[in-house]
Structure formats: C-alpha cells, structure tokens
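>>> With the sequence up front, the predicted model follows.
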Amino acid sequence: MGVLIFGIFLREEQMPHHEIERKFLIRYPDLEYISNIPGTEKILITQTYLRKGEKGENRRIRIWDRRWPDPEKRYIYTEKEKISDIDRIESETFITKSAYKSLYAEKDPECSTLYKARYRIPGEGFVYELDIFQYWKKQAILEIELSSEDEAYTIPDYLEVHRELTFDKTFTNHSFARNGFPKGEL
C-alpha cells in the first residue's frame, strides 16, 4: 500500500513512530576496527532537506546506499515533528527513484545537501549509529535510539565521547545543512 504526496505515489509507507535518541560528539574512531565488528553495516547517505510541510514539519529525502554486508540502494522520504529535544514523531516511506527526483524540486534553497557515511553497529542491546562526515577528520557523531527518554544506555569502550549533543541545536543534521559544520571542536 502506498500514499499520495504532492501528486507523487510513495510506496511501502511506514506508520509514524517516536524517534527518541541521544547524540554525542566523539573523537574520530578507528573505522577499520568498527568495520570488523560482526553485524556492522556501512551505508552512504545523501540527505536533502525539503521546504517545511503544511504543518511545519521537517521533511527530507535520502539516498540510502548500503555498501556492506549486502549492497542495496533505497530512496526514502521522511517527515519529522519535534515533540521535545529528545523525542520526535518520525514517518519514513521508501520511494521510487522517480519520486525522489520529483520531490527534489521541493529542496529548501537555504540548505545544502549532506553526504555522510553511517556505520550501524550492533551491541549491548542497541544499534549504535555512527555518522562520519567528510568535513571532519578529528570527530564524528554517535546516535543511540532509545525506547523511552529515561532508558539507560551504555557507550562502547572503543568510542571516546567528547560531549553529549542531544540538546545542542547546532549539531543537528538540519543545522549542518543550513549553517555548515562547526569548526574546532576537538
């Protein structure tokens, strides 16, 4: 079943869900070590922000290009509505390449497209999402999705946390796309 958005048929719609996550600035990790952790995935992401939706929600499109373990390319449309600094309602839909190209016409002219490599690392009851941006050589961002705002979590010993970013609006992907990347953190 699909949904019609801006006259474009989107397929495989997912129900909106709460995205509750903590975010950390970490020292640039040992990617060779991380790549060898069993179950780790590497995904190249191209992320473009669209003009805000009718209700003010953030909208984006992504090309999600998994490199390993099983190569796969997907196009994704996402809407996010902020509930709190840590909680958002997120709705993601897999779309066709043609729908991606059509939605690209709605690109927010004040935002640049982001390019990042994401490592999805299983462990300790979580999937850690490590984002590597080409603009940074000394730091990266780690995200941990939680099932509730007060859920306990751990960070693997092989990652060195510089500071928590969960409540810092200058370290969101949307802020990076709009304002560029902060310099000189580490």
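Good, I have the coordinates. Numbers count the residues shown, from 1 in each chain.

>>> All the helices of the protein, residue numbers only.
31-35, 97-104, 173-179 (DSSP state H).

>>> Identify the residues contacting L165.
Contacts here follow CB atoms under 8 Å, 6 or more residues apart in numbering; on that basis L165 touches 23-25, 141, 171. All C-beta atoms are positioned from the backbone trio N, CA, C, and that covers glycine.

>>> hey, what's the nearest residue to R67 once chain neighbours are set aside bridged with?
Closest residue in space to R67, ignoring its immediate chain neighbours: K42 at 4.6 Å, by CB to CB, 6 or more residues apart in numbering. Beta bridges link K42 to W68, Y119, judged by DSSP bridges.

>>> Go ahead and confirm K42 touches K116.
No: between K42 and K116 there is no contact under CB atoms under 8 Å: 11.1 Å.

>>> quick revisit: for the residue nearest to R67, give its distance to N36.
12 Å (CB to CB, to the nearest Å).

>>> Name the residue in those two with the higher neighbour count.
K42 (18 against 9; other CB atoms under 10 Å).

>>> so who does the more buried one touch?
So K42 contacts 35, 66-68, 117-119 (CB under 8 Å, 6+ apart).

>>> are any of these buried, and which?
66, 117-119 (16 or more other CB atoms under 10 Å).

>>> Which pLDDT value goes with the residue nearest to R67?
K42 is assigned 96 on the pLDDT scale.

>>> Likewise for the one 5 residues further on?
pLDDT recorded at Q47 is 98.

>>> Quick check: bridge partners of it?
Bridge pairing for Q47 - DSSP bridges - gives R62, L114.

>>> That one: how many residues sit nearby?
21.

>>> cool, I63 as well?
So I63, with other CB under 10 Å, has 18 neighbours.

>>> Tell me how far F176 lies from G56.
Look at F176 and G56: by CB to CB, they are 20 Å apart.
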